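1. got a structure for you, letters missing:
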C-alpha cells in the first residue's frame, strides 16, 4: 500500500513539474524522417531486453551510433555490445527517489543533448522512464498506450498484451520503418 501512495505522489509531482509545458502540433512523418538524435529508453528490468533487439537494430540502421543515447538500468551490457559508439546513461537503483522519480543528476545527463526522437520501450507504465522521456524535450516522444501515458508521450502505440513481447517490439520497429 505504501508503495502505491509513493508512486501516486511521484506521478502528481511529475504532473506539477510539467504543468506549464505544452506540446506543439507536429507532422509525425516529417519529425521522424528528419530526426538526427535519438534517445532510446530500454526496459529497466533485465529480462525484457532481448525482445527489443529489433528496435535497436532499426535505430542502428537509421542513425549513426554516435547520435543514439541509450538509457538503461545497471544491466545494459548486451546493448553496449550492439551499439559500442553510442552514449549510455545507466540508471542505478539509488538514482530513483522514494517517489519513483529520477534524481537531478540523471536528468542533467539526459539533457546534455538535444533529441529529435525519444522512444520508451517499457510496455508497462514505469514512471522513471516516462519522466525521462518527457524531460528529454524530444519533438517526438513515443511510448505505449497505458494509463497516464498522455502526460508523457505525444505518440502512443497500441499493443495487445496477450501477444508476446517480441511480437510487440517487432511491430513497433516495422511501424517506425515506414517513416
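-> Cool, got the structure. These figures come from a predicted structure and were not determined experimentally.
2. what's the host helix or strand of residue 53 packed up against?
-> Using DSSP states H and E, residue 53 sits in helix 53-62. With contacts defined as 3 or more C-beta pairs under 8 Å, 6 or more residues apart in numbering; DSSP states H and E, helix 53-62 has these neighbours: strand 38-41, helix 77-82, helix 165-177. For glycine as for every other residue, the C-beta is placed from the backbone atoms N, C-alpha and C.
3. and the second one, which residues are buried?
-> Of the residues in helix 77-82, those buried under the neighbour-count criterion (16 or more other C-beta atoms under 10 Å) are 78-79.
4. likewise for the last one?
-> Across helix 165-177, burial judged by 16+ other C-beta under 10 Å covers 165, 168-173, 176.
5. looking only at pLDDT, what's the mean for the helix or strand in which residue 13 is found?
-> According to DSSP H and E, residue 13 maps onto helix 2-17. For helix 2-17, the mean pLDDT works out to 82.
6. then stretch 62-76?
-> Stretch 62-76 comes out with an average pLDDT of 87.
7. what does stretch 39-59 give?
-> pLDDT averaged over stretch 39-59 gives 80.
8. so residue 69 sits in a helix?
-> No - Residue 69 is assigned strand when assessed by DSSP: H, G, I helix; E, B strand; the rest coil, not a helix.
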